[in-house]
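Chemist: Take a look and give me a structure for this.
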Amino acid sequence: MGSTDHAQPLNYANGDHPMGRIKARKFIEIWQTSGSLSEVAIRTSIKKTSCTVRAALYRRKGIPLKKFEKRRDRLDYQSLADYAQQIGEENND
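Modeler: Reported below is the predicted structural model:
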């Protein structure tokens, strides 16, 4: 396969489907050349959860798809609690 342009849209004439029903080889290509789950979802027009399920199914079948690093928001919950309390106190005055 040639190089893949990460911004390249799906080509419906080549078997890609606008409703997310893309062929396995195309999904694997997009997965392996993307930098994040969000990028896979954008490039395939499939929800992130559906992409994750599909990738897990392929892995169970022996296809060695890479795993993306989980990115969780690092929220300071104590600071948010203090802020919520401050706003509540200001609105009760």
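Chemist: distance between the ends of stretch 60-68?
Modeler: Taking Cα to Cα, to the nearest Å, stretch 60-68 runs 17 Å from one end to the other.
Chemist: what about residue 89, which helix or strand?
Modeler: Assessed by DSSP states H and E, residue 89 sits inside helix 77-92.
Chemist: what comes up buried for that helix?
Modeler: For helix 77-92, burial by neighbour count (16 or more other Cβ atoms under 10 Å) applies to no residue. C-beta coordinates here come from the backbone N, C-alpha and C atoms, glycine included.
Chemist: Now do that helix: which elements does it pack against?
Modeler: Helix 77-92 sits against no helix or strand, with contacts defined as 3 or more Cβ pairs under 8 Å, 6 or more residues apart in numbering; DSSP states H and E.
Chemist: can you give me the mean pLDDT across it?
Modeler: Helix 77-92 carries an average pLDDT of 84.
Chemist: Begin at 592 from now on, thanks
Modeler: Fine by me, first position is 592 from now on; the one you just mentioned is helix 668-683.
Chemist: Next, report how far it is displaced from the centre of its chain.
Modeler: Per Cα atoms, centre = their mean, to the nearest Å, the displacement of helix 668-683 from the mean C-alpha position of its chain is 33 Å.
Chemist: same check, this time on stretch 652-669
Modeler: Remark: stretch 652-669 is offset 10 Å from the chain centroid, using Cα atoms, centre = their mean.
Chemist: ends of it, how far apart?
Modeler: 43 Å.
Chemist: Check stretch 663-672 too.
Modeler: Chord length of stretch 663-672, first to last residue, is 19 Å (Cα to Cα).
Chemist: low-confidence ranges in this protein?
Modeler: 592-611, 664, 684 (pLDDT under 70).
Chemist: Could you pull out the helices in it for me?
Modeler: Under the criterion DSSP state H, the chain contains helices at 615-624, 628-635, 639-651, 668-683.
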